[in-house]
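Peer 1: give me a model of this one.
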Amino acid sequence: MNVAVIGAQWGDEGKGKIVDLLTPHFSVVARYQGGHNAGHTVLVGGTKFVLHLMPSGILHPGVSCVIGNGVVVDPEALFEEIATLAQYGIEVGDRLAISDKAHVILPYHRDLDLLSEARRGDRKIGTTSRGIGPAYEDKIGRRGIRVGDLADPSAFAEQVRENVMARNRLVGDSALEWQPLFERMVTYGERMRPWVKDVSLFLAQVQAEGRSILFEGAQGTFLDIDHGTYPFVTSSNSTAGGVCTGLGVGPRSIGSVLGVAKAYTTRVGGGPLPTELSGPMADRLREAGQEYGASTGRPRRCGWYDAVAVRYAARVNGLDAIALTKMDVLDGLPHIDVCTSYRCGDRTLTEFPGNVLQLAACRPVYERLPGWSKPTGGVRSYGELPAEARSYIARLEELSGVPVGIISTGSDRDETIFREESVAAAWLGQKA
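Peer 2: Numbers count the residues shown, from 1 in each chain. Take a look at the predicted model:
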């Protein structure tokens with residue numbers, strides 16, 4: 001069975017660890033959207049890996065990794081990441097496939113990203129300024145350069161020249177020379193050539209052979225360009241629908257969908273966050289959970305678990321199960337609040353609103369649950385969790401309508417609970 005792993009909140013839910021855990025039971029891990037603005041953190045035996053472009057499955061020997069057409073690729077970032085992995089003895093070799101239809105991030109995209117954010121004033125999105133948005137803009141504007149184009153310099157030389165000239169007209173404080181940039185891109189194309197292929201065809205062949213695929217998303221549901229808190233979103237489809245468009249696979253290729261959610265809520269960047277906390281409790285969650293961006297180092301905004309949001313994520317993604325992460329961060333709290341609805345003026349909303357201004361005006365309605373004093377960090381059996389922690393999980397299941405099949409109780413691979421009666425157990429039992 002093929003499985004898609006989707007962020008059920010605003011990103012940073014711990015998808016890297018979950019993908020890493022599931023990878024041994026799959027032949028291929030395929031990334032379908034985003035760019036190197038993503039930061040998937042995996043802790044293996046005390047060694048911390050932060051993956052930006054490479055699928056998290058790269059840490060497992062013998063597993064093939066795919067970067068789909070829905071991803072935007074910065075060649076410099078890609079080669080830096082490959083070099084870093086090599087320092088730890090992890091060789092990419094022939095295990096990587098990059099779609100010939102994936103679009104390329106060029107240096108002028110970063111310049112345009114900075115300019116666009118500066119012009120927003122008080123309405124800054126909070127982007128990573130790595131050129132992701134402008135690269136997707138060029139894609140939609142039909143002026144982008146794709147990985148496959150790099151193999152034929154004559155096909156994209158004029159496009160680079162025109163794009164650089166457009167950049168120079170917009171960015172008035174400096175001028176970029178197009179010829180050196182073009183030559184650099186040709187060199188990058190030669191280096192990437194062994195990995196470039198028709199990813200859609202490759203994945204069809206994998207499925208025809210009866211092998212299984214793990215689809216890996218970046219960011220989270222509420223950063224989806226269509227279904228997130230627009231305009232405070234990323235520039236791609238991070239929900240389950242992005243699997244099909246970002247890899248060239250049919251909907252029936254997705255056998256099951258796993259949503260990843262923290263036991264509380266975080267967000268980086270601008271935009272409304274209904275359960276956002278301030279003061280000592282926000283600081284406590286941030287420090288206990290080490291809530292700082294894997295890509296940027298920015299402190300994350302922290303709040304209580306938002307069941308309205310996760311219920312929405314369950315609907316738009318068709319979640320079959322949830323992996324609940326960072327349970328141990330809540331250890332020692334006398335009580336824990338869970339948002340069950342929103343209060344907007346004289347109205348109570350139980351469904352997530354689509355209008356960001358309405359969402360910003362909403363106030364959370366909380367249900368208070370008892371906390372637990374016994375630590376959950378490192379617990380590997382559901383029965384060993386404190387009774388209050390099990391009650392908390394059961395209540396989250398009721399509110400979302402989705403069972404919790406995996407529970408993360410720490411950063412390391414082994415600090416995880418797999419519930420035997422869950423759909424996740426079937427994934428673990430299958431052969432790669």
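
Peer 1: shaky segments in the stretch 201-350 of the chain?
Peer 2: For the stretch 201-350 of the chain, residues meeting the criterion pLDDT under 70 lie at 294-296.

Peer 1: one more pass at 80, please.
Peer 2: Where the stretch 201-350 of the chain drops to pLDDT under 80, the residues are 293-297.

Peer 1: can I see the domain layout of the chain?
Peer 2: 3-100+198-429, 103-195 (automatic domain parsing).

Peer 1: looking at these, which is buried most?
Peer 2: Highest mean neighbour count of the domains of the chain: domain 3-100+198-429, a mean of 20 (counted as mean count of other Cβ atoms under 10 Å). Every C-beta, even on glycine, is put in place using the N, C-alpha and C of the backbone.

Peer 1: just the residues contacting the biggest helix by length in the chain, thanks.
Peer 2: Counting by DSSP state H, the longest helix found in the chain is helix 153-170. Identification of contacts with helix 153-170 by Cβ atoms under 8 Å, 6 or more residues apart in numbering yields 106, 108, 111-112, 115, 138, 143, 145, 149-150, 175-178, 181-182, 185-186, 189.

Peer 1: please flag which of those sit within strands.
Peer 2: Using DSSP state E, no member of those falls in strands.

Peer 1: which of these fall within helices?
Peer 2: Reading helices off these with DSSP H, I get 108, 111, 112, 115, 138, 178, 181, 182, 185, 186, 189.

Peer 1: okay, those residues in TSV with pLDDT and distance to residue 95 next?
Peer 2: Formatted as TSV, those follow (pLDDT from 0 to 100; distance: Cβ to Cβ, whole Å):
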residue	pLDDT	distance to residue 95
108	84	31
111	78	33
112	79	33
115	70	38
138	91	29
178	89	34
181	88	30
182	91	30
185	92	24
186	93	25
189	94	20
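
Peer 1: and of those residues, the nearest to residue 6?
Peer 2: Using Cβ to Cβ, residue 138 is the member of the ones in helices among the contacts of helix 153-170 that lies nearest residue 6, at 26.3 Å.

Peer 1: residue contacts, the residue most central in space within the chain?
Peer 2: Centroid-nearest residue in the chain, with Cα atoms, centre = their mean: residue 218, separated by 2.0 Å. Contact analysis of residue 218 by Cβ under 8 Å, 6+ apart lists 7, 11, 15, 31, 33, 34, 35, 37, 38, 40, 238.

Peer 1: let me know the secondary structure of it.
Peer 2: coil (DSSP: H, G, I helix; E, B strand; the rest coil).

Peer 1: residue 185 and residue 169, how far apart?
Peer 2: 21 Å (Cβ to Cβ, to the nearest Å).

Peer 1: to clarify, my last question referred to residue 416.
Peer 2: For residue 416 relative to residue 169 (Cβ to Cβ), the value is 52 Å.

Peer 1: what's the answer for residue 368, then?
Peer 2: For residue 368 relative to residue 169 (Cβ to Cβ), the value is 57 Å.

Peer 1: cool, and residue 130?
Peer 2: Distance of residue 130 to residue 169, given as Cβ to Cβ: 22 Å.

Peer 1: just the element for residue 86, please.
Peer 2: helix 75-87 (DSSP states H and E).

Peer 1: contacts for the following helix or strand past that helix?
Peer 2: Following helix 75-87 in sequence order, the next helix or strand is strand 96-99 (DSSP H and E). The contact list for strand 96-99, computed with Cβ under 8 Å, 6+ apart, reads 54, 58, 64-69, 71, 73, 147, 192, 195-200, 202, 247-248.

Peer 1: about what we covered before: show the average pLDDT along the helix holding residue 86.
Peer 2: Per-residue pLDDT over helix 75-87 has a mean of 93.

Peer 1: what's that helix packed up against?
Peer 2: helix 178-192 (3 or more Cβ pairs under 8 Å, 6 or more residues apart in numbering; DSSP states H and E).

Peer 1: cutoff 6 Å now
Peer 2: Contact here means 3 or more Cβ pairs under 6 Å, 6 or more residues apart in numbering; DSSP states H and E; on that basis helix 75-87 packs against no helix or strand.

Peer 1: CA atoms only: put that helix into PDB for me.
Peer 2: Output in PDB follows, covering the C-alpha atoms of helix 75-87 (Å, rounded to 0.1, in the frame of the first residue of the first chain):
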ATOM      1  CA  PRO A  75      20.800  23.400  -7.500                       C
ATOM      2  CA  GLU A  76      23.200  25.000  -5.100                       C
ATOM      3  CA  ALA A  77      21.100  23.900  -2.100                       C
ATOM      4  CA  LEU A  78      20.800  20.400  -3.500                       C
ATOM      5  CA  PHE A  79      24.500  20.000  -3.900                       C
ATOM      6  CA  GLU A  80      25.200  21.400  -0.500                       C
ATOM      7  CA  GLU A  81      22.800  19.000   1.100                       C
ATOM      8  CA  ILE A  82      24.300  16.000  -0.800                       C
ATOM      9  CA  ALA A  83      27.800  17.100   0.300                       C
ATOM     10  CA  THR A  84      26.600  17.300   4.000                       C
ATOM     11  CA  LEU A  85      25.100  13.800   3.800                       C
ATOM     12  CA  ALA A  86      28.400  12.500   2.400                       C
ATOM     13  CA  GLN A  87      30.200  13.800   5.400                       C
END
